[in-house]
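Asker: kindly generate the corresponding structure for this input.
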Amino acid sequence: MNRNTRLTQMFIAVMILTAAATTAYASLASHALHTFYALVVLALASVTSRMKIKLPGIDGNMSVNLPFLLMAVVSLSALEAIVIACVSTVVQCWPKQGGKLRSEQMLFNVSMMAFATGIANLIWNAGMMGRTAWASEPLMLASATAAFFLGQTAPVAGVIKLTEGVAMRRVWLSIVQLSFPYYVLSAGLASMLNQVNHHLGWRGLLIFPVMYGVNKSYRLYFTRVPEAQRTAPLAKVAGAGL
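Answerer: Numbering: from 1, shown residues only. Here you go, the predicted model:
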């Protein structure tokens, strides 16, 4: 086993431990549960997680379930949001019939999503419970989305650096260029739904045409983007990820 392989395994182990600690804290901090609403969001997030787009330059894909993950962050308990993010990530990463399950990749993706979701929910709740003059709902949603974005993209850039030896800053900037507009759009949709009705219900279906259009637009764009770098064997940002 070479040094890079050992470092990669250590990195994944750290991500798993961090995700476990985040989930444990979420379990202690979560009191009120919203079973029906959580099941609706889980179903919507899982279905749209299979609407995937292959990103150029990275062995990974981006699904269009991010608005529902953000809705879970701002409307549900931390534990519910983490469970929804992790389950939808498993659905996204589950191989097609005949494909091979890559357990190491799955563990990394699920751990990363648990960590990113927990941090985003923590920031949202900290701001909304404080309700200071500067902690408006749009600002806190933007902060939670930024935390979610960093919680996903930074670990992916880190693992690509370890596996491929590519500069982490270069990889991260490439991911930002590919996915940042999608995060902005998703935050806007989540904010709109949150303002209209805190109980999503069937109204979540109204986002499907929008997310289908986003999926088609990205596919059309990426088919015209040449491969600019070698693909990395492990990295895949799940959920709203790569």
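Asker: quick one: low-confidence parts of the protein?
Answerer: 1-3, 31, 53-62, 127-135, 194-242 (pLDDT under 70).
Asker: what are the ranges of the strands in it?
Answerer: Using DSSP state E, the strands of the chain run over residues 52-54, 61-63.
Asker: the helices in this structure, which residues?
Answerer: Assigned by DSSP state H, the chain shows helices spanning 3-29, 35-49, 66-75, 78-93, 103-130, 137-164, 168-196, 208-222.
Asker: make TSV from these and add mean neighbour count to it.
Answerer: Backbone N, C-alpha and C define where each C-beta goes, glycine included. Output for the helices of the chain, formatted as TSV (neighbours: other CB atoms under 10 Å):
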stretch	mean neighbour count
helix 3-29	15
helix 35-49	19
helix 66-75	28
helix 78-93	24
helix 103-130	21
helix 137-164	21
helix 168-196	17
helix 208-222	14
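Asker: hey, C-alpha coordinates of stretch 177-191 in PDB?
Answerer: Extracted C-alpha coordinates of stretch 177-191, given in PDB (Å, rounded to 0.1, in the frame of the first residue of the first chain):
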ATOM      1  CA  GLN A 177     -17.100  26.900 -11.500                       C
ATOM      2  CA  LEU A 178     -19.200  23.900 -12.400                       C
ATOM      3  CA  SER A 179     -21.700  23.900  -9.500                       C
ATOM      4  CA  PHE A 180     -21.900  27.300  -7.900                       C
ATOM      5  CA  PRO A 181     -24.700  28.700 -10.100                       C
ATOM      6  CA  TYR A 182     -26.800  25.600  -9.300                       C
ATOM      7  CA  TYR A 183     -26.400  26.300  -5.500                       C
ATOM      8  CA  VAL A 184     -27.600  29.800  -6.000                       C
ATOM      9  CA  LEU A 185     -30.600  28.600  -8.000                       C
ATOM     10  CA  SER A 186     -31.400  25.900  -5.400                       C
ATOM     11  CA  ALA A 187     -31.200  28.400  -2.500                       C
ATOM     12  CA  GLY A 188     -33.600  30.700  -4.300                       C
ATOM     13  CA  LEU A 189     -36.100  27.900  -4.900                       C
ATOM     14  CA  ALA A 190     -35.800  26.700  -1.200                       C
ATOM     15  CA  SER A 191     -36.400  30.300   0.000                       C
END
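Asker: count the residues that sit near residue 34.
Answerer: 16 (other CB atoms under 10 Å).
Asker: that one: what's it in contact with?
Answerer: Taking CB atoms under 8 Å, 6 or more residues apart in numbering, we find residue 34 in contact with 75-77, 80.
Asker: of these, which is the nearest to residue 8?
Answerer: Nearest to residue 8 out of these is residue 80 (CB to CB; 31.3 Å).
Asker: that closest one and residue 184: what is the separation?
Answerer: Taking CB to CB, to the nearest Å as the measure, residue 80 falls 25 Å from residue 184.
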